[in-house]
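# coordinates only, no sequence provided:
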């Protein structure tokens, strides 16, 4: 799958004294969440969103004073969460965390974190407020109470301009679950101005977290469905906030008196990687507890009791996907808590590992076999495409790039052909390879150098090995050879035998499979071919004679007569099967003359 990199853009706007900035995060559906990161101006609020969805919305007041922390924000959760610095308001350290998931929903999650470092409890009001881009045309399209009237009875409501699926995006504002530990004390929408607030009490040394969501959607039905989903705080909404879960008061996440499971491992992994899910559990009352897992997401616990680490083997996952596991902890008093962790499996683009040829000669098939590495293995069968290349170049389904250039394709000095290929893993992940290819004119290979048997040498072996030194090819083309053997030096007799074989290292040879008739002069020749062009022939001759050390085959001829001509002296052979060179004996046996008549 092609992994979509989070869009993180820093936009600077000129101002007389303060440099205003925005951190832009784009959701999976392409919605913009332009988060203000300006000292002194509503840090964490959304400026405009997508197509004027907002006019500065989700600003924060604590105790009647607006949050305006000094200092720039930092990024966490893989660049998807903006963490703003702390500011003291109403005797509390106040921070904001804004998270926009890369996948799983088109929303921003807000955590308003209030910490009390003092020795006494602090009670104050937390208000989230802002203005909508729908302006005077704002309409309420739904609410958690089922009507179009925004009130304190609601945990969420949805708004839009006058056009469904057109104009501004359809929005939803989700600020409380169905049974929150702490309900809002005021909820309102006046024209295009929204507000919801809570009265919170933070104990000494304690912390309270108010969580809420901002939703953008393409139509009203989608915004309503997403609001209902977020109100149930599914796993994706809790991504990366294990340290804050037990302090959230606007949604019913923590179970009073129950153990507190907290996942300490990563929430995202590349496909093919080993996945490690670790949990740490504590009980606020110090009660003893037991725990077990739900490893197949069937809602049933009891697997791997008492084990705090679950491992999913490497090579077993394929992205994009998600693996959901849960843990249930029960203390000695019977208080029970369940937590689930969803680990996103990120698709990894396939990687081309083969090296393409950079030079090719006219008439030679490129024959480039592309090889690919994909962590998902067989789960991501590759699909190959030729993106750019010369005419007649083709790519097979198995990744074989083929092309036989002609003389018209020859590149001149300084000129190359741009080649680009792509491999798709079927999950929107694509790897590419680009290179420049030069096409050289074809040069004929040099003739092979015949090595044995040569120069009319007489040999005893009727099944000799014909050997030659390999040709040289300026273009480094792979070579093949043609070898011919005949009793006529014109190589056109009925005795002609021919072999075609690929080049061997150093020397190339062929061994006869049937014995040659003795006392015969034989001619053989060889040439090389580079795929299109033949070298010149190289030709020589040799005799095959009867072994003079053996008894004579026919004693009926006068042994004293010697012919005027015949085969030269015997060669005991070379290469495999013997060594030595031709050497004439000082005096030939008389019976040898009979064989040569």
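That came through fine. What you are looking at is a predicted structure, and each value in this text was computed from that prediction instead of being measured. Numbers count the residues shown, from 1 in each chain.

# going forward, measure contacts and count neighbours with C-alpha atoms only.
OK.

# low-confidence bits of the stretch 401-550 of the chain, can you list those?
The stretch 401-550 of the chain contains no residues with pLDDT under 70.

# nearest residue to residue 547 in space, please, no chain neighbours.
residue 460 (5.8 Å; CA to CA, 6 or more residues apart in numbering).

# longest helix anywhere in this structure?
The helix spanning the most residues in the chain, taking DSSP state H as the definition, is helix 220-231.

# I'd like to know how far the residue nearest the centre of the chain sits from residue 380.
Nearest to the mean C-alpha position of the chain, counting by CA atoms, centre = their mean, stands residue 349 at 2.1 Å. Applying CA to CA, to the nearest Å, the value for residue 349 to residue 380 is 10 Å.

# buried residues of stretch 519-529, list them for me.
Going by neighbour count (16 or more other CA atoms under 10 Å), the buried part of stretch 519-529 is 519, 520, 521, 522, 523, 524, 525, 526, 527, 528, 529.

# show which residues not belonging to the helix or strand encompassing the third one make contact with it.
It stands for residue 521. Per DSSP states H and E: residue 521 is located in strand 520-529. If you take CA atoms under 8 Å, 6 or more residues apart in numbering as the criterion, strand 520-529 is touched by 444-448, 450, 456, 471, 479-489, 491, 534-545, 567.

# and the nearest residue to the residue nearest to the centre of the chain once chain neighbours are set aside, how many neighbours does it have?
Leaving aside its chain neighbours, residue 349 sits nearest to residue 429 (4.5 Å; criterion: CA to CA, 6+ apart). Residues lying near residue 429 (other CA atoms under 10 Å) number 22.

# surely residue 429 touches residue 348?
Yes - using CA atoms under 8 Å, residue 429 makes contact with residue 348 at a distance of 6.6 Å.

# next, count neighbours for residue 326.
23.

# so it is in contact with residue 298, correct?
No - contact criterion CA under 8 Å: residue 326 and residue 298 do not qualify, at 9.5 Å.

# next up, the contacts around residue 300.
Going by CA under 8 Å, 6+ apart, residue 300 touches residue 294.

# what mean pLDDT does stretch 193-213 get?
The pLDDT scores in stretch 193-213 average 98.

# report the buried residues of that stretch.
Those would be 193-203, 206-213, for stretch 193-213 by 16+ other CA under 10 Å.

# again, but for stretch 432-448
432-433, 437-448.

# kindly report the same for stretch 184-195.
184, 185, 187, 188, 189, 192, 193, 194, 195.

# narrow the residues you listed to those in strands?
Among the buried residues of stretch 184-195, the members found in strands (DSSP state E) are 187, 188, 189, 193, 194, 195.

# from these, which two are the most distant?
187 and 193 (11.0 Å; CA to CA).

# could you show me where the helices are in the protein, in order?
For the chain, the helices defined by DSSP H occupy 220-231, 590-596.

# elements contacting the longest one?
Read it as helix 220-231. Helix 220-231 sits against strand 156-160, strand 170-174, strand 207-217, with contacts defined as 3 or more CA pairs under 8 Å, 6 or more residues apart in numbering; DSSP states H and E.

# check the offset of that helix from the chain's centre.
From the chain centre to the centre of helix 220-231 is a distance of 33 Å (CA atoms, centre = their mean, to the nearest Å).

# and that helix with strand 156-160, angle?
Between the axis of helix 220-231 and that of strand 156-160 there is an angle of 160 degrees, by axes from the mean of the first three to the mean of the last three CA atoms, to 10 degrees.

# show me what helix 220-231 is in contact with.
For helix 220-231, the external contacting residues (CA under 8 Å, 6+ apart) are 105, 141-142, 144, 155-158, 160, 164-165, 170-178, 213, 215-217, 237, 251.

# how is the protein carved up into domains?
9-252, 262-346, 351-440, 449-596 (automatic domain parsing).

# deepest of these, which one?
Among those, ranked by average contacts under mean count of other CA atoms under 10 Å, first place goes to domain 9-252 (a mean of 20).

# contact partners for residue 261?
279, 280, 281, 282, 327, 328, 329, 337, 338, 339.

# and for residue 363?
By CA under 8 Å, 6+ apart, the neighbours of residue 363 are 404, 405, 406, 442, 531, 532.

# wait, isn't the last one in contact with residue 364?
Yes - using CA under 8 Å, residue 532 and residue 364 qualify as a contacting pair, with a distance of 7.0 Å.

# can you list the weak-confidence ranges in the protein?
Counting by pLDDT under 70, the chain contains low-confidence ranges at 1-20, 38-40, 554-597.

# mind checking how far residue 258 is from residue 304?
Residue 258 sits 20 Å away from residue 304, taking CA to CA as the criterion.

# actually residue 462, not the one I typed
The gap separating residue 462 from residue 304 is 78 Å, by CA to CA.

# picking that back up, got TSV for the helices and strands packed on helix 220-231, with distance to residue 418 too?
TSV is the format used below for those (distance: least, CA to CA, whole Å):
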stretch	distance to residue 418
strand 156-160	51
strand 170-174	47
strand 207-217	43
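
# now do the longest helix of the chain against strand 170-174, angle only.
Put simply, helix 220-231 runs at 20 degrees to strand 170-174, going by the same axes, to 10 degrees.

# and helix 220-231 with strand 207-217, angle?
Using the same axes, to 10 degrees: helix 220-231 against strand 207-217 is 160 degrees.

# reformat the buried residues of stretch 184-195 as TSV; add distance to residue 498.
Output for the buried residues of stretch 184-195, formatted as TSV (distance: CA to CA, whole Å):
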residue	distance to residue 498
184	96
185	100
187	97
188	97
189	96
192	93
193	94
194	93
195	95
